[in-house]
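# I would like to see how this sequence folds:
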Amino acid sequence: MKKQQKSTPAAKGTRVHRAVFLMNDEERQAIERHWSRYGITNRSNWYRSIILSHVLKVMEDDYPTLFSENEMRR
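Here you go, the predicted structure:
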């Protein structure tokens, strides 16, 4: 008789979603120069931090406020 494996929910923070994108030669060379210049070895962490920092900045900029930016600058 075959033993069934219990399915356990993924632990919080476990990365299970894959993101794939393509770059042209110039984009790839620019990123590789950056990695070598700054000694970046964990490339997936670098991609995540760059992408998420941009997303969080845009979310912060787009956050609804009581007054418009022009009204606050007066």
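
# Going by C-alpha atoms from here, please, whenever you check contacts or count neighbours.
Fine.

# Please enumerate residues in contact with the single longest helix found in the chain?
When the chain is parsed with DSSP state H, its longest helix is helix 43-61. Contacts made with helix 43-61 from outside it, assessed by C-alpha atoms under 8 Å, 6 or more residues apart in numbering, are listed as residue 40.

# who does the following helix or strand past that helix touch, helix- and strand-wise?
Once the chain leaves helix 43-61, the next helix or strand it forms, by DSSP states H and E, is helix 69-73. Here helix 69-73 touches no other helix or strand, going by 3 or more C-alpha pairs under 8 Å, 6 or more residues apart in numbering; DSSP states H and E.

# and residue 46, how many neighbours?
Using other C-alpha atoms under 10 Å, the number of residues around residue 46 comes to 13.

# From residue 11, how far off is it?
Applying C-alpha to C-alpha, to the nearest Å, the value for residue 46 to residue 11 is 22 Å.

# Same question for residue 32.
From residue 32 to residue 11 the distance is 32 Å (C-alpha to C-alpha).

# and the two? which has more neighbours close in?
Applying other C-alpha under 10 Å to residue 32 and residue 11 shows that residue 32 carries more neighbours, namely 13 against 7.

# can I get the CA coordinates of the helix or strand hosting that one in PDB?
Using DSSP H and E, residue 32 falls within helix 25-38. In PDB, the C-alpha atoms belonging to helix 25-38 read as follows (Å, rounded to 0.1, in the frame of the first residue of the first chain):
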ATOM      1  CA  ASP A  25      21.800  42.300 -25.100                       C
ATOM      2  CA  GLU A  26      22.400  45.900 -24.000                       C
ATOM      3  CA  GLU A  27      20.100  45.600 -21.000                       C
ATOM      4  CA  ARG A  28      21.800  42.300 -19.900                       C
ATOM      5  CA  GLN A  29      25.300  43.800 -20.300                       C
ATOM      6  CA  ALA A  30      24.300  46.800 -18.300                       C
ATOM      7  CA  ILE A  31      23.000  44.600 -15.500                       C
ATOM      8  CA  GLU A  32      26.000  42.400 -15.600                       C
ATOM      9  CA  ARG A  33      28.300  45.500 -15.300                       C
ATOM     10  CA  HIS A  34      26.300  46.600 -12.300                       C
ATOM     11  CA  TRP A  35      26.600  43.200 -10.700                       C
ATOM     12  CA  SER A  36      30.400  43.000 -11.200                       C
ATOM     13  CA  ARG A  37      31.000  46.700 -10.100                       C
ATOM     14  CA  TYR A  38      29.000  46.300  -6.800                       C
END
